[in-house]
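>>> let's see this in three dimensions:
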Amino acid sequence: MAQDQRHSGRSTILAAIRKAGRIARVDLARQTDISPPTVTALTAELIAEGLVEETATDRPSAGRGRPRVDLAVRGAARRVAGLKLTNQAISMVILDFAGEELAEFSVPLEQAQASIADMVAEIARAVRAGADEAGCGVEGLAGLGLGISGIVDATRGFVYWSPSLQERNAPLGELLSQALSLPVFVDNDANLVAMAEKYFGLGRGVSDFIVATIENGVGMGIVLGDELYRGTRGCGAEFGHIKVELDGALCRCGQRGCLEAYVADYALLREAAVATDLSGSGDARSLDALFEAAKNGDAIAQSIFRRAGRIFAMGLANLVNIFDPQLIILSGERMQYDYLYADEVIESIRESIVQIDLPPPDIQIHKWGDQMWAKGAAAFAIEGVAKIALENLANNAA
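This is a model prediction of the structure:
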């Protein structure tokens with residue numbers, strides 16, 4: 001029991017230090033409700049293990065004696081890689097244990113959808129190439145985080161379904177771990193956007209927020225009480241697959257009436273193909289052309305985007321009524337098109353939520369590229385690698 005308490009205490013302290021960036025022991029004790037003597041003992045173990053280090057404080061000393069010091073996560077303790085898998089490329093970043101970026105790398109993806117064996121081989125090649133370019137090699141990595149669209153059991157790295165894979169029920173994490181000989185942590189890519197926002201973006205210091213992502217599909221990450229919410233089966237945040245119309249448009253997941261089937265790239269181009277000469281192939285240039293046509297006053301193009309905006313607003317309003325978050329972040333490649341956050345869309349959201357005498361959730365637009373998604377995957381890997389290090393420390397101390 002005592003060993004379990006010490007292990008839990010180390011985990012709590014390391015997480016608090018990471019969140020603070022730099023923090024004094026006395027403040028650490030106050031924030032974690034762990035007694036000062038225990039904080040001193042446990043941080044000494046973390047320092048001895050090389051996970052935490054003392055750093056000079058910029059605060060004035062209270063008087064004579066030993067200069068005050070802060071504690072910080074030791075960046076040199078580990079290196080991790082994070083990957084974002086899209087239908088066109090594999091984006092990769094390498095971070096140190098403190099979350100500082102050391103390198104970034106991107107390679108084109110040979111095919112948008114592949115067999116599990118081909119995808120594992122292609123990801124492994126990209127990781128090796130990126131690690132070699134960064135000068136550390138795969139052997140210099142402590143772990144790999146991967147973000148992939150679809151339904152994922154993050155505890156097992158198991159992909160139930162993904163538009164990137166030809167097969168269902170793929171043990172992607174296990175296969176990648178075998179191919180690369182290092183721990184691999186796989187999660188839904190929208191969850192990892194929320195992780196990136198939590199550690200590096202607009203979600204820092206916000207305990208309850210939602211990230212909605214719009215790219216080739218529609219995703220969502222939920223942070224409640226500073227923790228990422230995944231659901232019991234790993235599919236508790238599938239915003240793109242909430243139903244907005246009974247027996248409606250066909251979604252790529254195989255069901256009908258999903259929000260994604262009206263808002264995602266392929267849905268917009270599919271509708272445009274019915275009434276225009278644009279292809280419904282999903283080509284980004286076709287989407288650019290459709291958006292440009294709407295901007296130039298084309299009534300059909302405007303109707304397509306207007307409908308998508310209304311459905312998107314309805315979905316977000318439902319989320320607000322369920323979760324009542326402090327902040328909603330709209331993210332992803334499609335934020336370059338303002339139809340999803342036009343004034344009338346935001347106003348429609350506000351009109352459709354429960355009205356009380358308090359302001360509605362703040363809605364922020366965060367336009368960022370695939371490298372920031374990859375940073376979320378790397379942050380997920382840091383959490384997994386830290387857990388392994390703390391478990392090893394507990395076993396050695398037993």
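>>> ok, residue 187 touching residue 379?
No. Counting by C-beta atoms under 8 Å, residue 379 is not a contact partner of residue 187; they are 10.5 Å apart. Just so you know, the C-beta spots here come from the backbone N, C-alpha and C atoms, and that holds for glycine as well.
>>> please say which of these two ends up with more neighbours.
Taking neighbours as other C-beta atoms under 10 Å, residue 187 and residue 379 compare with residue 187 leading, 28 against 24.
>>> and the more buried one, that's in a strand?
Yes. Per DSSP: H, G, I helix; E, B strand; the rest coil, residue 187 lies within a strand segment.
>>> just to revisit the earlier point, which residues do residue 187 and residue 379 both contact?
Common contacts of residue 187 and residue 379 (C-beta atoms under 8 Å, 6 or more residues apart in numbering): 145, 195.
>>> got the end-to-end distance for stretch 358-373?
End-to-end distance for stretch 358-373, by C-alpha to C-alpha, to the nearest Å: 33 Å.
>>> now do the buried residues in it.
Of all the residues in stretch 358-373, those buried under the rule 16 or more other C-beta atoms under 10 Å are 360-361, 363-364, 366, 368, 370-373.
>>> check what pLDDT residue 260 gets.
Here, the pLDDT recorded for residue 260 equals 92.
>>> save the buried residues of stretch 358-373 as CSV, and put in distance to residue 131, secondary structure and pLDDT too.
CSV is the format used below for the buried residues of stretch 358-373 (distance: C-beta to C-beta, whole Å; DSSP: H, G, I helix; E, B strand; the rest coil; pLDDT from 0 to 100):
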residue, distance to residue 131, secondary structure, pLDDT
360, 45, coil, 81
361, 40, coil, 84
363, 38, strand, 86
364, 34, strand, 87
366, 28, strand, 82
368, 23, coil, 70
370, 18, helix, 67
371, 16, helix, 80
372, 20, helix, 81
373, 19, helix, 85
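>>> for residue 211, state which of those is nearest.
When those are compared for distance to residue 211 (C-beta to C-beta), residue 366 wins out at 8.2 Å.
>>> quick one, what contacts the closest one?
Here residue 366 is in contact with 197, 201-202, 329-331, 335 (C-beta under 8 Å, 6+ apart).
>>> if I look at the residue lying closest to it once chain neighbours are set aside, how far off is residue 20?
Using C-beta to C-beta, 6 or more residues apart in numbering and skipping the chain neighbours, the partner closest in space to residue 366 is residue 331 (4.7 Å). According to C-beta to C-beta, to the nearest Å, residue 331 stands 25 Å off from residue 20.
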